[in-house]
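Enquirer: sequence plus predicted model, see below.
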Amino acid sequence: MLLAEGQAASGAFLSSSSFKGSTWPDENACITALVLRALGPLTSLPDIQPHADRALDFLESCATLERPISCRFWRPGREASWAQMRPPADVDDTSLAAVELARHVRLARRDLVEIACKRLLRARLQGEQVRSPWVKTGAFMTWLHADGQPSLVDCTINANVVAMLALAGTKHLPGFEAACATVAAGVDWAGGDAARHWMISPYYPTAGELLLAIRHAVACGAEDLVPAERDLARCILPDTFHDDSVVFSGAGVKFQWRSPVLQQVRREVDRLGAETRLTQFASNRVITLPGVPGSTETS
């Protein structure tokens with residue numbers, strides 16, 4: 001895996017954003033965390049660990065200074081000049097970064113609990129805001145502080161929040177059941193309809209990204225999503241992780257992000273899993289926190 005070619009001096013794993021025929025290089029928390037997730041236990045290998053450490057440094061630079069942390073898509077003050085937007089801290093990047101920082105012992109379980117209680121629970125949907133048949137009261141919206149921006153409910157983002165809550169051992173908190181129910185209802189409502197998949201996951205418009213997020217949540221301990229994982233896998237084609245596959249988009253698909261390094265890592269990990277049949281590369285591997293009693297693996 002040529003991680004060096006796909007990593008910026010900042011530590012971010014590279015992506016590109018395109019809009020109306022123009023493309024710009026980008027460095028953001030989302031893609032960086034997804035590469036670390038895809039690498040899984042490989043981040044402990046001597047050739048890969050330095051790249052992982054630099055990526056974790058970058059994720060920390062995307063976090064707010066106050067504790068518990070919340071994270072932004074871009075580093076504060078380093079937003080992409082071409083984007084013409086300064087998005088606030090959000091539920092998705094906070095969850096993605098927190099999981100990877102905890103998995104690599106840069107955050108403790110108690111930090112995840114505080115992030116859940118003092119940051120994420122503020123972004124839950126109230127009953128009067130429900131507008132779609134698959135959205136459940138109490139699911140998580142996008143922004144931690146909306147600042148006048150529309151705060152949508154996205155099934156992939158909710159799956160990422162569920163993963164963090166499960167990993168932290170906080171499945172009892174308000175929002176966990178609602179997020180799981182929203183993801184399950186969204187998968188059922190969308191079926192095999194690509195247009196509906198975009199509606200249930202406007203920021204991650206391909207069903208393959210949603211399936212990966214659900215599988216990750218299940219691996220983190222969210223057994224509630226096993227039926228949704230099975231149902232979604234039945235109605236979509238297997239993702240082959242093409243370099244030009246869209247990973248992330250702005251709401252309304254104004255901007256689309258792609259990341260060849262992310263897709264190359266996914267392909268390589270899949271290949272290793274197929275060739276070695278090692279459980280740490282399996283899509284259903286168990287992900288736990290280092291040092292947690294009862295843990296059998298620290299991937």
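Expert: Here it is on my side, so go on.
Enquirer: do you have the helices of the stretch 101-250 of the chain handy? List them.
Expert: 109-118, 155-167, 176-190, 194-200, 207-219, 226-235 (DSSP state H, counting those that start in this stretch).
Enquirer: deepest of those helices, which one?
Expert: Using mean count of other Cβ atoms under 10 Å, the stretch among the helices of the stretch 101-250 of the chain with the largest mean neighbour count is helix 155-167, at a mean of 29. Any C-beta I mention is one placed from the backbone N, CA and C, and that applies to glycine too.
Enquirer: which neighbouring elements make contact with it?
Expert: helix 91-103, helix 109-118, helix 176-190, helix 207-219 (3 or more Cβ pairs under 8 Å, 6 or more residues apart in numbering; DSSP states H and E).
Enquirer: would TSV of the ones you listed with distance to A80 and mean pLDDT be doable?
Expert: Output for these, formatted as TSV (distance: least, Cβ to Cβ, whole Å; pLDDT from 0 to 100):
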stretch	distance to A80	mean pLDDT
helix 91-103	14	97
helix 109-118	25	96
helix 176-190	29	97
helix 207-219	21	96
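Enquirer: just send these back as a markdown table, with distance to L272 too.
Expert: Below are these laid out as a markdown table (distance: least, Cβ to Cβ, whole Å):
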| stretch | distance to L272 |
| --- | --- |
| helix 91-103 | 19 |
| helix 109-118 | 28 |
| helix 176-190 | 28 |
| helix 207-219 | 16 |
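Enquirer: quick one, which of these is nearest to F73?
Expert: Closest to F73 of the helices and strands packed on helix 155-167, according to Cβ to Cβ: helix 91-103, at 5.4 Å.
Enquirer: quick check: angle from the closest one to helix 109-118?
Expert: Interaxial angle, helix 91-103 versus helix 109-118 (axes from the mean of the first three to the mean of the last three Cα atoms, to 10 degrees): 170 degrees.
Enquirer: so helix 91-103 versus helix 155-167, what angle?
Expert: 30 degrees.
Enquirer: relative to helix 207-219, how tilted is helix 91-103?
Expert: Using the same axes, to 10 degrees: helix 91-103 against helix 207-219 is 40 degrees.
Enquirer: thinking again about what came up before, redo the helices of the stretch 101-250 of the chain as a markdown table? Include distance to A29.
Expert: Converted to a markdown table, these look like this (distance: least, Cβ to Cβ, whole Å):
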| stretch | distance to A29 |
| --- | --- |
| helix 109-118 | 14 |
| helix 155-167 | 12 |
| helix 176-190 | 20 |
| helix 194-200 | 23 |
| helix 207-219 | 15 |
| helix 226-235 | 25 |
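Enquirer: and the ones you listed: which comes nearest R103?
Expert: Proximity to R103 (Cβ to Cβ) singles out helix 155-167 among the helices of the stretch 101-250 of the chain, at 7.9 Å.
Enquirer: I'd like the mean pLDDT over the closest one, please.
Expert: Regarding helix 155-167, the rounded mean pLDDT is 98.
Enquirer: pretty sure L101 sits against R109.
Expert: No: judged on Cβ atoms under 8 Å, L101 makes no contact with R109 at a distance of 11.7 Å.
Enquirer: how many other residues sit next to the nearest residue to C235 once chain neighbours are set aside?
Expert: In space, and not counting its chain neighbours, C235 is closest to G192: 4.0 Å by Cβ to Cβ, 6 or more residues apart in numbering. Counted with other Cβ atoms under 10 Å, residues neighbouring G192 total 12.
Enquirer: residue ranges with poor pLDDT in this protein?
Expert: Low-confidence segments of the chain (pLDDT under 70): 1, 83-84, 127-130, 146-149, 239-240, 252-253, 276-285, 291-299.
Enquirer: tell me the gap between the host helix or strand of A274 and the middle of its chain.
Expert: Using DSSP states H and E, A274 sits in helix 260-276. Chain-centre distance of helix 260-276: 18 Å, with Cα atoms, centre = their mean, to the nearest Å.
Enquirer: nearest to A52, out of the helices and strands packed on helix 155-167?
Expert: Smallest distance to A52 across the helices and strands packed on helix 155-167 (Cβ to Cβ): 8.9 Å, for helix 91-103.
Enquirer: how far does that closest one sit from the chain's center?
Expert: Counting by Cα atoms, centre = their mean, helix 91-103 comes out at 8 Å from the chain centroid.
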